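**Q** Okay, sequence plus prediction incoming.
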Amino acid sequence: SQTIHQWPATLVQPVGSPLSLECTVEGTSNPNLYWYRQAAGRGLQLLFYSVGIGQISSEVPQNLSASRPQDRQFILSSKKLLLSDSGFYLCAWSRTSGGYGELFFGEGSRLTVL
Amino acid sequence: GQQVMQIPQYQHVQEGEDFTTYCNSSTTLSNIQWYKQRPGGHPVFLIQLVKSGEVKKQKRLTFQFGEAKKNSSLHITATQTTDVGTYFCAGRSGSARQLTFGSGTQLTVLP
């Protein structure tokens, strides 16, 4: 069966510090991968999605970036965090064929920028 | 760009009462999905609707897709405390790869 792992689960970072969130998927190959952000009590904002290694599409211009160095690995980064970067970050994957195209989410990473 | 609006934002009900959340899209959707997020958890896929006027049921949950494929609803009959959470709709237009999520409806069920 397929599983998705996301870490760290919680982190508190000072303004201006770098960020790296990592996500890996197991049990499937060539998944579509996504990074979403959820502000407190709000909906899901798509940040990045990827259809293959090295292929990244950005939905919202910001100081965040994403990379996909391996087929089932997706990384969200920032060189300098802003207060507004606080939120709940969710990695997700979907099948490239078959199924409903539904998203399978990781457990999430809760980021607080102070 | 595509926008998906969802109402109400919050809903408090007494256990046993019914609950409905509504989703409206600015564009015609090829399909719509519903997700549930428990407090402190991550969204979990519930169902997908594809056909105009489609109705699907999962036990006490009834999902509808509008005739024009621009709106959808989720109705829960006789809510239970286990129904607590935020319900999101998410729509996809045309051949778009990504889903656009509604802002969600946070359901509180009072015992």
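**A** It's in.
**Q** what residues does the helix or strand of chain B with the lowest mean pLDDT touch?
**A** In chain B, the helix or strand scored least confidently by mean pLDDT, DSSP states H and E is strand B:100-101, which has a mean of 92. Strand B:100-101 is contacted from outside by A:36, A:43-46, B:1-4, B:25, B:35, B:88-93, using CB atoms under 8 Å, 6 or more residues apart in numbering or on different chains. Every C-beta, even on glycine, is put in place using the N, C-alpha and C of the backbone.
**Q** Now do the contacts for the residue lying closest to A:E59 once chain neighbours are set aside.
**A** Leaving aside its chain neighbours, A:E59 sits nearest to A:L46 (4.6 Å; criterion: CB to CB, 6 or more residues apart in numbering or on different chains). Residues counted as contacts of A:L46 (CB under 8 Å, 6+ apart) are A:Y34, A:W35, A:Y36, A:E59, A:V60, B:Q98, B:L99, B:T100, B:F101.
**Q** make it 7 Å
**A** Contacts for A:L46 were tallied using CB atoms under 7 Å, 6 or more residues apart in numbering or on different chains; they are A:Y34, A:Y36, A:E59, B:Q98.
**Q** Ok, A:V60 next?
**A** A:Q45, A:L47.
**Q** returning to that earlier point: can you list the strands that the least confident helix or strand of chain B pairs with?
**A** strand B:85-92 (antiparallel) (DSSP bridges).
**Q** send the alpha carbons of the partner strand over as PDB?
**A** What follows is strand B:85-92, C-alpha atoms only, in PDB (Å, rounded to 0.1, in the frame of the first residue of the first chain):
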ATOM      1  CA  GLY B  85     -14.200  18.500  11.500                       C
ATOM      2  CA  THR B  86     -13.800  20.700   8.500                       C
ATOM      3  CA  TYR B  87     -15.400  19.700   5.200                       C
ATOM      4  CA  PHE B  88     -13.800  20.900   2.000                       C
ATOM      5  CA  CYS B  89     -15.000  20.700  -1.500                       C
ATOM      6  CA  ALA B  90     -12.400  20.800  -4.300                       C
ATOM      7  CA  GLY B  91     -13.100  21.300  -8.000                       C
ATOM      8  CA  ARG B  92     -11.200  20.600 -11.200                       C
END
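**Q** helix or strand for the residue most central in space within chain A, which one?
**A** Chain A has A:W35 as the residue nearest its centroid, 2.9 Å off, counting by CA atoms, centre = their mean. Taking DSSP states H and E as the definition, one finds A:W35 inside strand A:32-38.
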